[in-house]
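Student: Build me a structure from this.
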Amino acid sequence: MVLASASPRRLQLLEQAGIAPDALRPASVDESVSKGEVPRQIVRRLAKAKAEAALKLVKNDPELAKCFLIAADTVVAVGRRVLGKAELENEAADMLRLLRGRAHRVYTAVTMVTPEGRWRERVVETRVRFRNISDQEIGAYLASGEWRGKAGGYAIQGIAGAFVVKLIGSYTNVVGLPLTETVSLLAGEGYPVALLWLAKAEVEAE
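Tutor: Numbers count the residues shown, from 1 in each chain. Next comes the predicted model:
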């Protein structure tokens with residue numbers, strides 16, 4: 001199995017589910033948003049583009065050419081305004097000020113390509129509400145550096161978990177990879193997820 005991502009969060013989530021990718025093939029794609037695109041369209045397009053780019057990287061590798069491949073993309077949205085990955089501190093600050101004291105939605109698209117070349121996709125939405133975090137808290141959070149490269153300028157699995165007063169839906173979706181849907185996609189196409197769990201249990205029992 002190949003994970004088309006350099007995200008340590010996505011790798012950790014897969015490993016949490018007992019799935020260890022055979023290879024990581026991060027795919028660099030243009031993540032700019034077209035005017036009028038809604039969040040679901042954006043994540044679907046980008047996850048598909050990442051999968052296509054990763055397939056080009058593995059097609060000439062005999063050990064990976066016939067593999068399951070997983071790609072994903074995550075965005076945060078406030079109404080119709082889409083918040084991508086924060087790369088600059090002032091971008092993250094603007095995002096956090098926008099998110100405080102209100103609800104937002106997190107969308108992740110997961111694209112899977114099977115060894116036989118079948119394409120499968122899921123889009124997952126989670127609703128999150130932040131408390132009214134102060135300017136001082138925002139400044140301290142920015143100093144932590146956790147915001148860097150994160151959709152919406154925050155990482156819920158870190159300090160920003162203390163900002164959340166309500167979450168409806170998948171927590172792992174907000175982290176970056178909805179585990180229930182990803183595992184279901186893999187198992188539905190014959191990836192031996194349950195056998196991996198049994199093998200892990202046998203190893204731990206020795």
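
Student: okay, Val164: pLDDT?
Tutor: Note on Val164: pLDDT of 97.

Student: Now the lengthiest helix in the chain: buried residues?
Tutor: The longest helix of the chain (DSSP state H) is helix 39-58. Neighbour-count burial for helix 39-58 flags 39, 41-55, 57-58 (criterion: 16 or more other C-beta atoms under 10 Å). (C-beta placed from N, C-alpha, C; glycine too.)

Student: helices or strands next to that helix in the packing?
Tutor: strand 69-78, strand 103-113, strand 119-130 (3 or more C-beta pairs under 8 Å, 6 or more residues apart in numbering; DSSP states H and E).

Student: OK, contacts around the residue nearest to the spatial centre of the chain?
Tutor: A centroid search over the chain (C-alpha atoms, centre = their mean) returns Gly176, at 2.4 Å, as the residue closest to the centre. Contacts for Gly176 (C-beta atoms under 8 Å, 6 or more residues apart in numbering) come out as Ser7, Arg9, Arg10, Leu13, Ala72, Thr74, Thr108, Ala151.

Student: Check Ala27 too.
Tutor: Per C-beta under 8 Å, 6+ apart, neighbours of Ala27: Ala4, Ser5, Ala49, Lys50, Ala51, Glu52, Ala53, Ala54, Leu57, Ala71.

Student: In what element of secondary structure is Ile133 found?
Tutor: Secondary structure assigned from DSSP states H and E places Ile133 in neither a helix nor a strand.

Student: Identify the residue spatially nearest to it, adjacent ones excluded.
Tutor: Spatial nearest neighbour of Ile133, excluding adjacent residues (C-beta to C-beta, 6 or more residues apart in numbering): Arg100 at 4.6 Å.

Student: Number of residues surrounding the one you found?
Tutor: 16 (other C-beta atoms under 10 Å).

Student: could you check the distance from it over to Ser134?
Tutor: 8 Å (C-beta to C-beta, to the nearest Å).

Student: returning to that earlier point: pick the most deeply packed of the helices and strands packed on helix 39-58.
Tutor: strand 69-78 (a mean of 25; mean count of other C-beta atoms under 10 Å).

Student: re earlier: what's the angle from the longest helix of the chain to strand 103-113?
Tutor: Regarding helix 39-58 and strand 103-113, their directions subtend 30 degrees when assessed with axes from the mean of the first three to the mean of the last three C-alpha atoms, to 10 degrees.

Student: May I have the beta-bridge partners of Val124?
Tutor: For Val124, the beta-bridge partners are Thr108 (DSSP bridges).

Student: Surely it is in contact with Tyr107?
Tutor: Yes. Val124 is within contact range of Tyr107, at 7.1 Å (criterion: C-beta atoms under 8 Å).

Student: what sits against the residue nearest to Ile133?
Tutor: Arg100 neighbours (C-beta under 8 Å, 6+ apart): Phe130, Arg131, Asn132, Ile133, Ile138, Phe163.

Student: Tell me who's in contact with Arg118.
Tutor: Arg118 neighbours (C-beta under 8 Å, 6+ apart): Glu189.

Student: Quick check: it vs Gly153, distance?
Tutor: Counting by C-beta to C-beta - Arg118 and Gly153 are separated by 36 Å.

Student: what does Leu185 give?
Tutor: 29 Å.

Student: Alright, I will stop here.
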